[in-house]
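3D model of this:
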Amino acid sequence: MTIDFWGPAFIAYLWSIVSLLINIIRIIVRAYKKEQQIKFVKTRFVRPILTICIFLIVFSFVQQSRFSANKYAMEVGKEIQSIADTNGICPEKIQGWVVSERDPNMYGTMYGKYGTKYPVKYLPSENRKEFTISVYNNIDEHFYVTGGVELELRATHSGPGGSKEVPIE
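Residues are numbered from 1 along each chain as shown. This is a model prediction of the structure:
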C-alpha cells in the first residue's frame, strides 16, 4: 500500500462520508419544512455512495491479498521447518525463488492473491540452523515467520503499534 494511492483515496472516502452526512441533514431539514426533494435525493447521493463502495471494495481486496501473502509465508515456513527437523539443516534456497539483489544469501518472490503482490523473502542463517521468512506488507509493517533446527516455528506481525505474536494455523 503506497501513500500515493491510499492518501487521496482515504481523503475522498472521508469527504464522501461527510458529504453523505450533510445531505442527510439537508433532507431532514427539507422534510421538516415540507419542501419537495425528489430531485435533490437522486443527485446528491450517487457520487458519495459510489466512492465509499469503491473504496471499501478495493481496500477489502488489498487486505485479502495481504492476508494471503502472510498465510503463504506460514505455509512455506511449515515446509522449511519440516525439512529442518528431518535433515537437521535448513535449505539453502527455495526452488523458484530468485536471489535478492541486496543480499546473495536471501531469496525472494512476490505473492498475493486478489491483485496486490507483496515481497516475500527467505533468509537462512549462516550455519543454516535457523531461518526467517519475511513479508513486507508496508513500509512500516512486516510479517515474520522464524524457525529452524530444534526451534519452534513462530510468526510475528510487526507494525507501528509494536510486535505481536501470531498463531500459526
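
Can you show me the helices along this protein?
Using DSSP state H, the helices of the chain run over 3-32, 38-44, 46-87.

any idea how far the residue nearest in space to the middle of the chain is from Tyr118?
Most central in the chain under C-alpha atoms, centre = their mean is Arg66, positioned 3.0 Å from the mean C-alpha point. In this view, Arg66 and Tyr118 are 7 Å apart by C-beta to C-beta, to the nearest Å. (C-beta placed from N, C-alpha, C; glycine too.)

Can you pull the residues that touch both of the two?
Common contacts of Arg66 and Tyr118, defined by C-beta atoms under 8 Å, 6 or more residues apart in numbering, comprise Gly112, Asn137.

Please identify the most buried of the helices of the chain.
Of all these, helix 46-87 has the most neighbours on average by mean count of other C-beta atoms under 10 Å, namely a mean of 16.

helices or strands next to that one in the packing?
If you count contacts as 3 or more C-beta pairs under 8 Å, 6 or more residues apart in numbering; DSSP states H and E, helix 46-87 packs onto helix 3-32, strand 107-111, strand 118-124, strand 130-138, strand 141-148, strand 154-159.

Noted, bye for now.
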